[in-house]
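K.L.:
sequence first, predicted model second:
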Amino acid sequence: MSDVEREGVLTVARLMAVAARTAPKTRGIDDIVVEVIEDEETLKEIADKMDEIAEEKGAPFFSRDADCLRRSEALVLIGVKSSGPCGLNCGMCGADCETIEERTSDVEFAGPLCGFKLIDLGIALGSAAKVASDHVVDNRLMYTIGVAARALGVVDADVVIGVPLSATGKNIYFDRES
């Protein structure tokens with residue numbers, strides 16, 4: 001990849017971070033966390049952790065996605081770190097706003113979380129992916145990357161999704177073995 005193409009991908013990653021930050025949030029409460037990873041060392045560290053998780057869980061799709069990450073120019077991590085429920089007491093999370101704060105899991109992600117926080121995360125991810133698409137930079141939302149990045153402490157969030165970026169002759173995220 002040429003220096004110009006790489007700079008283009010990095011610029012798009014930064015624009016994606018802006019899009020995720022400015023995406024609408026429930027009740028105006030911004031619990032979205034965004035990190036842009038550009039250095040090869042951190043990308044490799046996350047990919048290596050994905051391979052480790054694949055082995056531990058017997059989940060080869062983590063390694064498949066790790067191979068994609070190793071071939072990526074940049075990574076945008078978008079997550080949510082809940083500051084608490086939105087206060088709507090709607091029950092979407094399976095609890096109520098008073099009891100949701102009692103953490104019951106912290107396996108790949110921490111939970112339970114307010115359902116509206118997860119909707120906010122989805123909107124931020126969609127906004128960021130649209131920016132990549134508008135600039136014709138290949139990308140794919142990958143929960144596997146988020147699991148590894150969270151496990152390594154690369155990003156401080158309860159739920160994280162990784163969006164790797166590439167600009168090559170073929171889309172490396174979709175033209176791959178399943």
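P.N.:
Happy to help now that I have it. Numbers count the residues shown, from 1 in each chain.

K.L.:
any low-confidence regions in this protein?
P.N.:
Along the chain, the parts satisfying pLDDT under 70 run over 102-105, 176-178.

K.L.:
can you tell me the helix or strand for the residue nearest to the spatial centre of the chain?
P.N.:
Nearest to the mean C-alpha position of the chain, by C-alpha atoms, centre = their mean, lies Ile161 at 2.0 Å. In this structure, Ile161 is located in strand 159-166 according to DSSP states H and E.

K.L.:
which other helices and strands contact that strand?
P.N.:
Helices and strands touching strand 159-166, by 3 or more C-beta pairs under 8 Å, 6 or more residues apart in numbering; DSSP states H and E, are helix 3-22, helix 60-70, strand 74-80, helix 115-134, strand 138-139, helix 143-152. Using the backbone N, CA and C atoms, a C-beta is placed for each residue, glycine as well.

K.L.:
gap between the shortest one and the chain center?
P.N.:
Relative to the centre of its chain, strand 138-139 is centred 13 Å away, using C-alpha atoms, centre = their mean, to the nearest Å.

K.L.:
show me what it is in contact with.
P.N.:
Here strand 138-139 makes contact (C-beta atoms under 8 Å, 6 or more residues apart in numbering) with 129, 132-133, 163-168, 171-174.

K.L.:
that one pairs with which strands?
P.N.:
strand 159-166 (antiparallel) (DSSP bridges).

K.L.:
so what's the residue count around Gly111?
P.N.:
17 (other C-beta atoms under 10 Å).

K.L.:
now swap in Ile78 and tell me
P.N.:
Around Ile78 there are 31 other residues, counting by other C-beta under 10 Å.

K.L.:
cool, Lys57 as well?
P.N.:
12.

K.L.:
coming back round to it: now do the contacts for the residue nearest to the centre of the chain.
P.N.:
Shown in contact with Ile161 (C-beta under 8 Å, 6+ apart): Leu77, Ile78, Gly79, Leu121, Leu125, Leu141, Met142, Tyr143, Ile145, Gly146.

K.L.:
which of the residues you listed are buried?
P.N.:
Buried residues within those, counting neighbours by 16 or more other C-beta atoms under 10 Å: Leu77, Ile78, Gly79, Leu121, Leu125, Leu141, Met142, Tyr143, Ile145, Gly146.
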